[in-house]
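dropping a prediction and its sequence here:
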Amino acid sequence: MLGFYVELVAIGVATGAIYAIVAIGFNLIFGVMNILNMAHGATMMVGTFGLLFVFFLGVENFWLGAVVGIVFAIITGLLVERLAVRPLKGNWWNTKVATIGAAFFLENLVTRITEGRPQPFPRPFPTRYYEIVAGIEISNVQIFLAVLSVGVMLAMVYFLRRTRLGKAVRVVAQSPDIAQCVGIDVQRITVIAFALSATLAGVAGILNAVTFGSTYPFVGQFLGLKGIVVLIVAGIGNMRGCLLIGLALGILESMSVGLGGSTYRDFVAYAGMVAILVVKPSGLFGEEGRTAKEI
Amino acid sequence: MTEQEAPPVLDVKDLEVRYGKVVAASEVSLQVRRGEVVALLGPNGAGKTSVLRSIMGLVPPAKGSVAFFDGERQVRIERKRAHDLARLGIANVPSQHVVLPRMTVEENLEAGALFLGGSGQEVRRRVAEMLEKFTVLGERRRQYSGSLSGGEQRLLAVARALMCRPRLMLLDEPSIGLAPLVLQYVFDLLRQISREDRVDILMVEQNVNKALEIADRAYVMRIGAIDFSGPSNEVASSEKLKDAYLGS
């Protein structure tokens, strides 16, 4: 029985880390521009199909495909910024609607190209199981997902805290006016934030597709909404909060599916979000005054 | 070239600032010379903040020119963006939301020199200098700046502006929200910065008495144009000043 729980936790950590990466991607853009990029989920989907495109060309190399998928996601993110965000000059509602439009456009474009059927997704290596404790087995794919996801998140936290560019992103997130006063090109940082967010979207999309073994044109809607749940519950503007809540949500979902059935999964996520917002509107780790109303 | 022969540090000629069809200021000409503190005064709605924001690169001017002399060459800056000005040696201190609230005092100071050249070691040395100069900030170096008092936040904004060793500092209403004692301290500090750090200052200010105490010269604006100007003592005793504020 213990082995069963450990396996649920392992699955939960892998899934939760993906949610956290998605939420950090949202957080980056929200922090810098105070807008929610509703095309973030569609960007993840483009990343997964970018990888499949390489396989379609006959090059069956997962790692090369992953690089191409992430490049596809970055190009998508930059196009969204240039075409759906920048012209609207920070108008909150218009930008939100424009990015929803961009998401629908991308999803329908990919549906048109692939006829909308779910596509089997390759794995980086053949699945093998390792016995970690007597009777408890974890697959190499689960270990890969957990290690890579947590690694990406820690790299992101390091980037924002320790590097010059990361600090500039944080300055712009807090005050674009002060950022300009201290010599930071806010437009350039915005573009960099979109590229970074899209990179995270590409990574999250590919990891999610590896987890489920398939992808489809509307996969980003499900994953994007989970990312928003993590963002709201963690509190806007808090990267470490996203990490903790992402992992917690993944484990909670995994437990609820394992013990109750798959129908409980989304119920747990959304009911939990509502309950936390009733008690603490700014999220568990968020700043006072910045609430889900902004989203 | 001696300092007397050198061009003014800031030379604004016939500046016009518009917000769409609304003219906020027109035909504004002013100068800041080496070693000067200059005050831009005027009642609410006179257009002084619009002029300052335009000089800062936050609102592109509709007409006119703004030239900055960096000690070696004169550079036209009226089409440059705000972040380019910082790189030229022009520091801006806004009137409100002056600090990065979710960063510590040290991180705020570091932000002041983040993109203005210099190695990480130099930046850290400069941060240490500022914390020594502004002892109040030194005591709160690891505190989030959002939790500082209004006066401390203003000091932090000035210290952050000094991080890049500017030649010219543009200040928008430095007295806003400050208690009288703190106000005196901040203005004394500005005078000291002007003399010791050799930073020239152009400030927009509502507190006329305080501004004229430390300024060498002042320009008084009224309904979007410069009404009159002169040395601070002359402006202070001028009837025109009363007229500008009380109407005539």
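Ah, there it is. Residues are numbered from 1 along each chain as shown, chains lettered A, B, ... in the order given.

how about the residues of chain B by chain A?
Residues of chain B lying near chain A by CB under 8 Å from any CB of the partner chain: B:56-58, B:81-84, B:86-87, B:91-94, B:97-103, B:107, B:110-116, B:160-161, B:163-164. (C-beta placed from N, C-alpha, C; glycine too.)

OK, contacts around residue A:77?
Going by CB atoms under 8 Å, 6 or more residues apart in numbering or on different chains, residue A:77 touches A:43, A:194, A:195, A:197, A:198, A:199, A:201.

what's the first helix or strand after the helix or strand where it lies?
Using DSSP states H and E, residue A:77 falls within helix A:62-80. Using DSSP H and E, the helix or strand that follows helix A:62-80 in sequence is helix A:92-114.

quick check: buried residues in the helix holding residue A:77?
Under the neighbour-count criterion of 16 or more other CB atoms under 10 Å in any protein chain shown, helix A:62-80 has A:62, A:65-66, A:68-70, A:72-77, A:79-80 buried.

okay, these in a markdown table with pLDDT next?
Formatted as a markdown table, the buried residues of helix A:62-80 follow (pLDDT from 0 to 100):
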| residue | pLDDT |
| --- | --- |
| A:62 | 94 |
| A:65 | 96 |
| A:66 | 96 |
| A:68 | 97 |
| A:69 | 97 |
| A:70 | 97 |
| A:72 | 97 |
| A:73 | 97 |
| A:74 | 97 |
| A:75 | 97 |
| A:76 | 97 |
| A:77 | 96 |
| A:79 | 97 |
| A:80 | 95 |
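
any idea how far the helix holding residue A:77 is from the chain center?
How far helix A:62-80 lies from its chain's middle: 14 Å, per CA atoms, centre = their mean, to the nearest Å.

roughly how far does the residue in the stretch 1-150 of chain A that chain B sits nearest to sit from residue A:186?
Per CB to the nearest CB, residue A:31 is where the stretch 1-150 of chain A lies closest to chain B, at 10.0 Å. Separation of residue A:31 from residue A:186 (CB to CB, to the nearest Å): 13 Å.

next: residue B:36.
Taken as CB to CB, the span from residue B:36 to residue A:186 is 31 Å.

and residue A:66, by the same measure?
31 Å.

try residue A:218
Per CB to CB, residue A:218 is found 34 Å from residue A:186.

ok, now which ones touch residue 219?
I'll assume chain A. For residue A:219, the contacting residues are A:41, A:44, A:45, A:48, A:205, A:208, A:209, by CB under 8 Å, 6+ apart.

meant chain B, my bad for not saying
Residue B:219 is in contact with B:30, B:38, B:39, B:40, B:41, B:226, B:228, B:229, counting by CB under 8 Å, 6+ apart.

what are the neighbouring residues in contact with residue A:101?
Counted by CB under 8 Å, 6+ apart, residue A:101 has contacts residue A:84.

and residue B:218, that's in a strand?
Yes. Counting by DSSP: H, G, I helix; E, B strand; the rest coil, residue B:218 is part of a strand.

quick one: low-confidence parts of chain B?
Applying pLDDT under 70 to chain B flags the ranges B:1-6, B:117, B:246-248.

got the CA coordinates for the biggest helix by length in it in CSV?
Using DSSP state H to define each element, chain B has its longest helix at helix B:180-196. The C-alpha trace of helix B:180-196 is given here as CSV (Å, rounded to 0.1, in the frame of the first residue of the first chain):
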residue,chain,number,x,y,z
PRO,B,180,8.5,69.3,7.8
LEU,B,181,11.6,67.9,9.5
VAL,B,182,12.2,65.3,6.8
LEU,B,183,11.5,67.9,4.2
GLN,B,184,14.3,70.1,5.6
TYR,B,185,16.7,67.1,5.7
VAL,B,186,15.9,66.1,2.0
PHE,B,187,16.4,69.6,0.8
ASP,B,188,19.7,70.1,2.7
LEU,B,189,20.8,66.8,1.2
LEU,B,190,20.0,68.0,-2.3
ARG,B,191,22.1,71.1,-1.8
GLN,B,192,24.9,69.0,-0.4
ILE,B,193,24.7,66.6,-3.4
SER,B,194,24.9,69.6,-5.8
ARG,B,195,28.0,71.0,-4.1
GLU,B,196,29.9,67.9,-3.0
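
what does it contact?
Contact with helix B:180-196 is made by B:35-37, B:149-151, B:154-155, B:158, B:162, B:169, B:171, B:174-175, B:178, B:199-201, B:203, B:207, B:210, B:213-214, as judged by CB under 8 Å, 6+ apart.

from the residues you listed, list just the buried residues.
Buried members of those, scored by 16+ other CB under 10 Å, are B:36-37, B:151, B:154-155, B:158, B:162, B:169, B:171, B:174-175, B:178, B:199-201, B:203, B:207, B:210, B:213-214.

now intersect those with the helices, please.
B:151, B:154, B:155, B:158, B:162, B:210, B:213, B:214.

residues touching the second one, list them.
Spelled out, that is residue B:154. Residue B:154 sits in contact with B:98, B:174, B:178, B:182, B:186, where contact means CB under 8 Å, 6+ apart.

my read: the second one touches residue B:206, true?
No. Using CB atoms under 8 Å, residue B:174 makes no contact with residue B:206, being 10.0 Å away.

what count of nearby residues applies to residue 10?
Using chain A here. Residue A:10: 21 surrounding residues under other CB atoms under 10 Å in any protein chain shown.

chain B, not that one
What residue B:10 shows, counting by other CB under 10 Å, is a neighbour count of 23.

for it, phi and psi?
Main-chain torsions, residue B:10, degrees, to the nearest 10: phi -130, psi 130.

can you tell me what sits against the helix or strand where residue B:54 lies?
Assigned by DSSP H and E, residue B:54 falls within helix B:48-55. By CB under 8 Å, 6+ apart, the surrounding residues in contact with helix B:48-55 are B:10, B:12, B:15, B:17, B:19, B:24-25, B:28, B:30, B:40-42, B:59-61, B:66, B:77-78, B:95, B:170, B:172-173, B:202, B:204, B:221.

over to stretch B:144-151?
Stretch B:144-151 is contacted by residues B:99-105, B:108, B:140, B:153, B:156, B:177-179, B:182-183, B:185-186 when judged by CB under 8 Å, 6+ apart.

now the residue nearest to residue A:208 when sequence neighbours are not counted: which helix or strand?
The shortest distance from residue A:208 to any non-neighbouring residue, by CB to CB, 6 or more residues apart in numbering or on different chains, is to residue A:18 (5.2 Å). For residue A:18, the host element (DSSP H and E) is helix A:2-33.

so which elements touch that helix?
Applying 3 or more CB pairs under 8 Å, 6 or more residues apart in numbering or on different chains; DSSP states H and E, one finds that helix A:2-33 makes contact with helix A:40-56, strand A:129-133, strand A:136-139, helix A:140-162, helix A:164-174, helix A:186-212, helix A:219-234, helix A:239-259.

reformat the ones you listed as JSON lines; add mean pLDDT and distance to residue A:284.
Converted to JSON lines, the helices and strands packed on helix A:2-33 look like this (pLDDT from 0 to 100; distance: least, CB to CB, whole Å):
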{"stretch": "helix A:40-56", "mean pLDDT": "96", "distance to residue A:284": "22"}
{"stretch": "strand A:129-133", "mean pLDDT": "77", "distance to residue A:284": "31"}
{"stretch": "strand A:136-139", "mean pLDDT": "78", "distance to residue A:284": "29"}
{"stretch": "helix A:140-162", "mean pLDDT": "83", "distance to residue A:284": "17"}
{"stretch": "helix A:164-174", "mean pLDDT": "88", "distance to residue A:284": "19"}
{"stretch": "helix A:186-212", "mean pLDDT": "93", "distance to residue A:284": "21"}
{"stretch": "helix A:219-234", "mean pLDDT": "88", "distance to residue A:284": "6"}
{"stretch": "helix A:239-259", "mean pLDDT": "86", "distance to residue A:284": "6"}
